[in-house]
Every structure is written in structure tokens, then in C-alpha cells.
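Participant: Kindly generate the corresponding structure for this input.
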Amino acid sequence: MSNIVKYDWYQTETVVTITVLLKNAKDKNYAVSIEEKTVQLKADGIEPITINLWDVVNVEQSSHKETPSKVEIKLLKVIGHRWEALERKVEVENPISASKKIGHDWDKISKEIEKQDADDKPQGEEAVQDLFRKIYADANEDTKKAMMKSFYESGGTVLSTNWADVGAKKVDVKPPDGCEFKKWN
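Facilitator: Below you'll find the model as predicted:
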């Protein structure tokens, strides 16, 4: 088994296709083994190919077929996203390199970012202002007009998103209970 076979790959969001150059594949008695994180191709007269996949694939919906010059292996991704590479390098750990890892645990990183975002969420007045900014940014033109008019005419004491309500009449000042509105010169 001295012959080394070349292979290439490409991907879409949902499928990874591996093309193994293998002339007369049928005559070489080839076999493809597809597992969730590994693909292996064995054939008479060649070195076996074992690929440790970047991410998990759906074994039942994955397939392979031969042509006169190659074997094409189609792997259906379990999670639809672009892989950084076909293979995730597997490192044999020893005490010296136990802390060294190849690749990133994107799920862990994502959870850390979400936790950090939750910790960084504004509180109190800042949270209210952020909410109003978001409402205004996502609003249609009538809602934006209603917000501007109600806030301006009420001296900042009323904020309405209903243009049908505030567009036809002047918006009165309505200070919170226990407060009195004063105009400054």
C-alpha cells in the first residue's frame, strides 16, 4: 500500500463534498465509512484516508458515489454553517502539551459573549433610554412623528407612538404623580 491518493473538498452552508481522485474505483474494491465526526476511505492498493471532520455530519443522509476517475462523498451538516476547514486536527495530549488545544470551542465562546452582554446591559434610566432608541430606530414614519411630537409638546412628560391619537391635537403636559411641571425662562 504505497500509493497515496489526493483529495479535495468544497462546501455550502449545508453540505460538505469531498472528492477523492481514484481511477477505476469500482475495480479497486473501495469502501467508504461515514461517522458523525470521521470519514474513512479504504481501497485496494492505496493508503487508507481518515479525515477527522471539523464538525458533526448527519450519517443517515450522507452518501458517496463513484465515477470513472473519482469517489465523491457528500456529507450533510447537522448545523448549517461554514466550516473553517475540512479537518479538525486531533492532538494527542501528553503532560507537557495538555494545556495546548487546536481549534476553538465556538459554543463556549458564544456563551461567554452572551453572559458578558447580559452583565453589560444598561440599568435604570439608561435601560429606558436604550428601549426608546430601539423603538424609534425600528419604527415607521408615523410612529417616529408621534414620538417626536408628543415628547416635544408635552415638555418631555409624554411619549406616544400613536400618530392617529397625537397628530390631530396638541399633547398636554402630564408630569408624574406628585410632581409639578415648571417652565424655565
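Participant: so what pLDDT did Ser2 get?
Facilitator: According to the predicted model, the pLDDT of Ser2 comes to 53.
Participant: Next: Thr17.
Facilitator: 92.
Participant: Least confident secondary structure element in this protein?
Facilitator: Comparing every helix and strand of the chain by mean pLDDT, DSSP states H and E singles out helix 106-119 as the least confident one, with a mean of 74.
Participant: For that helix, enumerate the helices and strands it packs against.
Facilitator: Secondary-structure packing of helix 106-119 (3 or more CB pairs under 8 Å, 6 or more residues apart in numbering; DSSP states H and E): no helix or strand packs against it. Heads up, the C-betas are built off the backbone N, CA and C, glycines and all.
Participant: next SSE after it?
Facilitator: Towards the C-terminus, the helix or strand next in line after helix 106-119, according to DSSP states H and E, is helix 124-138.
Participant: now for the helix or strand following that following helix, which elements pack on it?
Facilitator: Sequence-wise, the next helix or strand beyond helix 124-138 is helix 141-153, with elements assigned using DSSP H and E. For helix 141-153, the elements it packs on are helix 124-138, helix 163-166, judged by 3+ CB pairs under 8 Å, 6+ apart.
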